[in-house]
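Provided below for reference: sequence and predicted model.
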Amino acid sequence: MAWIYLVLAGLFEIGFAAALTPSAGFTRLWPSVAVVVLGFVSLYFLALAAREIPMGTAYLVWMGIGAIGAAAFGILVYNEPANVLRLFFIATLIGSCIGLKFATP
């Protein structure tokens, strides 16, 4: 169940990051509220996951899911660049997250 909590935490982290751009530096109310709520929910699920998963692993996987998802969201929705080098390093993050899952008891 802890890994499910961790994946949920990562998904809410993606939402948190995706809401930052529409919040326009916290000058727009509802996107700003979304940032705060999604960030809180993400940290809540991370805390639940960290009960059973070592904190270092949980944090790194959470951060990886959020970073990968935010980068993909930026590419797909905000037309951010998707050059070969950027995609290569996103792929290395994916590999690292998978590796941490298998390296953790």
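All right, it came through fine. Numbers count the residues shown, from 1 in each chain.

Residue 25 in helix, strand or coil?
coil (DSSP: H, G, I helix; E, B strand; the rest coil).

Any idea which helix or strand in this protein has the lowest mean pLDDT?
helix 84-103 (a mean of 90; mean pLDDT, DSSP states H and E).

Please report how far the residue lying farthest from the centre of the chain lies from residue 3.
Ranked by distance from the centre of the chain (C-alpha atoms, centre = their mean), the top residue is residue 27, with 23.1 Å. As for residue 27, its distance to residue 3 is 37 Å (criterion: C-beta to C-beta, to the nearest Å). The way it works is simple: take the backbone N, C-alpha and C, and place the C-beta from them, glycine included.

What lies in contact with the least confident helix or strand of the chain?
By C-beta atoms under 8 Å, 6 or more residues apart in numbering, the surrounding residues in contact with helix 84-103 are 3, 57, 60, 61, 64, 65, 67, 68, 71, 72.

try it again with 10 Å
Applying C-beta atoms under 10 Å, 6 or more residues apart in numbering, the contact partners of helix 84-103 are 3, 6, 10, 53-54, 56-58, 60-65, 67-68, 71-72, 75, 80-82.

I appreciate the help and will end here.
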